[in-house]
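Colleague: Need coordinates for the following:
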Amino acid sequence: DEGYAPKSMLLYIFSELFILSAFFASYWVLRLHGTTADWHALAGDVNIEAPVILTALIILSSVLVHKGNGALEAGDKSTYANMNLAALVLWLVFIVGTCMQYADLIGQGIVMGTNAYTTAFYAITGIHLSHVIMGVVLFAAAGLQGLKGKTNESMAKSTAAFTHFVSVLSIFVLLQIFYW
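Modeller: Numbering: from 1, shown residues only. Here you go, the predicted model:
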């Protein structure tokens with residue numbers, strides 16, 4: 001029996017999609033009906049290159065986790081652990097990069113309540129950041145468990161499903177928030 005973890009993770013992801021859809025629907029309504037000044041107050045001040053690089057790191061982590069799960073299926077627990085720990089490092093870089101971007105914007109006086117766009121920006125990127133923080137915990141658990149030789153398929157599948165979900169979310173956030 002593989003346990004309930006993979007099914008529970010899919011249920012969690014499904015519930016998160018509902019929450020995220022409410023935030024994005026609000027963003028789209030504001031974006032389509034807001035004033036031009038609201039939307040351009042932040043647009044010229046956001047570093048566009050950083051989110052692209054950070055999103056690429058999240059996508060790379062999906063590749064690493066996939067490779068690690070393949071190694072686990074072949075009985076190589078060490079590679080499984082190392083791939084999860086490498087993904088953890090990438091997600092930590094994402095967290096630091098996002099916090100640096102927030103600090104830069106706050107230093108410019110662009111805060112959550114500046115206008116509707118900044119509120120949506122911080123809300124959506126903050127929710128995304130919370131998912132990345134949760135992923136760091138999952139990678140730490142999977143990686144440390146793997147280093148001890150104590151792995152299981154249920155944990156591997158759950159971590160992979162979450163990683164792929166956050167990768168897709170990263171692309172979506174990048175395209176909606178930074179390029180629309």
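
Colleague: Okay, helices next: where are they in the chain?
Modeller: Taking DSSP state H as the criterion, the chain contains helices spanning 5-33, 36-43, 49-73, 77-107, 116-147, 153-173.

Colleague: So for Trp180, which of those sits nearest?
Modeller: Checking those against Trp180 by Cβ to Cβ gives helix 5-33 as the closest, at 7.0 Å. Any C-beta I mention is one placed from the backbone N, CA and C, and that applies to glycine too.

Colleague: for the closest one, what is the average pLDDT?
Modeller: When pLDDT is averaged over helix 5-33, the result is 91.

Colleague: Could you identify which of the helices of the chain has the lowest mean pLDDT?
Modeller: helix 36-43 (a mean of 59).

Colleague: any chance of the helices of the chain in CSV, plus distance to Trp180 and mean neighbour count?
Modeller: Putting those into CSV (distance: least, Cβ to Cβ, whole Å; neighbours: other Cβ atoms under 10 Å) gives the following:
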stretch, distance to Trp180, mean neighbour count
helix 5-33, 7, 14
helix 36-43, 10, 14
helix 49-73, 13, 18
helix 77-107, 18, 18
helix 116-147, 11, 19
helix 153-173, 11, 20
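
Colleague: Please give the centre-to-centre distance between stretch 86-105 and its chain.
Modeller: 10 Å (Cα atoms, centre = their mean, to the nearest Å).

Colleague: what's next to it, contact-wise?
Modeller: 42, 45-47, 50-51, 53-54, 57-58, 60-61, 64-65, 68, 111, 122, 125, 129, 132-133, 135-136, 139-140, 143, 163 (Cβ atoms under 8 Å, 6 or more residues apart in numbering).
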